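>>> Fold the following.
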Amino acid sequence: MRLDSIGVIGGGAWGTALAQTVRLAGRSAVIWAREAEVVDDINTRHVNSQFLPGIPLDPGLRATDNLADIAQADAILMVAPAQHIRTVAAELRPHLKNGQPIINCAKGIERTTGKVMGEVLAETVPDALLAALSGPSFAADVARGLPTALTIACEREDVGRDLAEALGYRHFRLYWSSDRLGVELGGAVKNVLAIAAGIVAGKALGASAHAALVARGFAELRRFAAAYGAQPQTMMGLSGLGDLILTCGSPQSRNMSLGRELGEGRTLDDILGRRRSVTEGVWTAAAVTKLARAKGVEMPIAEAVHGIVEGHAAVDDAIAALLSRPFKAEG
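Numbers count the residues shown, from 1 in each chain. Sure thing, here's the model as predicted:
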């Protein structure tokens with residue numbers, strides 16, 4: 001499979017970081033952004049001052065506002081926000097080549113349908129060859145070339161290995177998996193749990209409470225993924241446990257930092273109003289809880305986050321409800 005050129009859809013921090021990685025891996029890269037100022041910033045000043053400030057970009061990285069330019073690449077990284085994937089993919093479809101690889105890099109579940117991004121792409125670009133890329137990674141670390149390891153998932157082993165070779169390099173290690181669903185579920189659910197971890201930090205409940213929250217959150221993630229057919233080893237890997245540890249453990253995480261601000265008493269509208277980047281867990285919480293209920297999966301932490309972000313429960317009341325749950329066997 002020829003993979004000399006990579007198109008990246010999404011001019012935010014993560015899309016820009018991945019485009020930078022493509023250049024570090026020795027491939028040509030073009031990034032699509034809706035914002036004209038982002039396109040101009042990348043092309044003329046070789047920075048993305050709006051979404052990834054302070055990090056110089058490879059001068060060979062090119063930006064465009066025309067999706068048809070992206071479709072000329074050998075493979076495409078889909079890094080648009082999860083709730084916009086369907087719209088962007090539909091715009092892209094007329095320009096695609098049959099069997100063109102599209103690698104989903106968004107971490108979320110479509111709020112209106114309850115579908116993971118792979119399912120959304122299967123409906124909107126049915127002739128594409130689909131894969132998923134996820135794992136513990138902050139955009140700034142990746143863009144600076146700091147060591148990172150992620151999972152790339154594709155049902156076809158030959159394609160997965162080709163993609164890993166094309167996108168990876170010494171400081172961006174990619175491990176192949178066939179469990180695309182599991183990789184996408186891990187990336188989506190951990191964002192919801194990271195909001196809860198942030199609330200624990202914002203309320204100053206202590207390191208012990210944080211560790212308990214992450215451990216019990218991981219139990220919820222494993223139950224949820226198993227109910228939907230994901231492989232247990234995927235949840236134990238980079239795109240499951242690895243991503244959960246990172247996202248729940250650092251204020252660099254947009255989801256954890258949002259939870260921290262909620263815990264400190266700020267309102268959700270106020271927090272989101274001061275942000276340009278999307279905080280996926282806010283929009284994924286409702287979908288996760290709805291899907292969990294449909295399968296009879298107990299997810300009290302995710303339910304608490306859903307109640308808080310939807311305005312159905314105050315932070316203190318949600319915490320009190322979790323601490324009042326009956327004692328039970330660990331599982």
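
>>> did I read that right, residue 311 in a strand?
No - secondary structure assignment (DSSP: H, G, I helix; E, B strand; the rest coil) places residue 311 in coil, not in a strand.

>>> Against residue 304, how distant is it?
Look at residue 311 and residue 304: by C-beta to C-beta, to the nearest Å, they are 13 Å apart. All C-beta spots, glycine's among them, are computed from the backbone N, C-alpha and C.

>>> Look at the two and report which has more neighbours.
Shown here are residue 311 and residue 304; by other C-beta atoms under 10 Å, residue 304 has more neighbours (23 against 10).

>>> my guess is the more buried one meets residue 321, correct?
Yes - under the criterion of C-beta atoms under 8 Å, residue 304 makes contact with residue 321 at 6.8 Å.

>>> Find residues that contact each of these two.
residue 313 (C-beta atoms under 8 Å, 6 or more residues apart in numbering).

>>> In this structure residue 276 contacts residue 49, no?
No - contact between residue 276 and residue 49 fails when scored by C-beta under 8 Å: they sit 11.4 Å apart.

>>> Neighbour count: these two, which is higher?
More crowded of residue 276 and residue 49, by other C-beta under 10 Å: residue 49, with 13 against 9.

>>> give the contact list for that one.
For residue 49, the contact set (C-beta under 8 Å, 6+ apart) comprises residue 41.

>>> mind checking pLDDT for it?
At residue 49, the model reports a pLDDT of 97.

>>> I'd like the distance between it and residue 59.
16 Å.

>>> same question, residue 100
In terms of C-beta to C-beta, residue 100 sits 27 Å off from residue 59.

>>> Could you check which of those two has the larger neighbour count?
When residue 100 and residue 59 are compared for neighbours, residue 100 comes out ahead with 18 against 10, by other C-beta under 10 Å.

>>> Need the phi and psi values for the closest residue to that one other than its chain neighbours.
Take residue 100 and drop its neighbours on the chain: the residue closest to it by C-beta to C-beta, 6 or more residues apart in numbering is residue 128, 5.6 Å away. The phi and psi values for residue 128, taken as degrees, to the nearest 10, are phi -80, psi 160.

>>> cool, residue 133 as well?
Torsion angles, degrees, to the nearest 10, at residue 133: phi -130, psi 120.

>>> residues contacting it?
Neighbours of residue 133 in contact, by C-beta under 8 Å, 6+ apart: 18, 77, 103, 104, 105, 150, 151, 152, 153, 167, 174, 183.

>>> right, and the fourth one touches residue 117 too?
This points to residue 104. Yes - the criterion here is C-beta under 8 Å, and residue 104 meets it with residue 117 at 4.5 Å.

>>> which residues do the two both contact?
Joint contacts of residue 104 and residue 117 (C-beta under 8 Å, 6+ apart) are 78, 85, 132, 184.

>>> Now the buried members of those.
78, 85, 132, 184 (16 or more other C-beta atoms under 10 Å).
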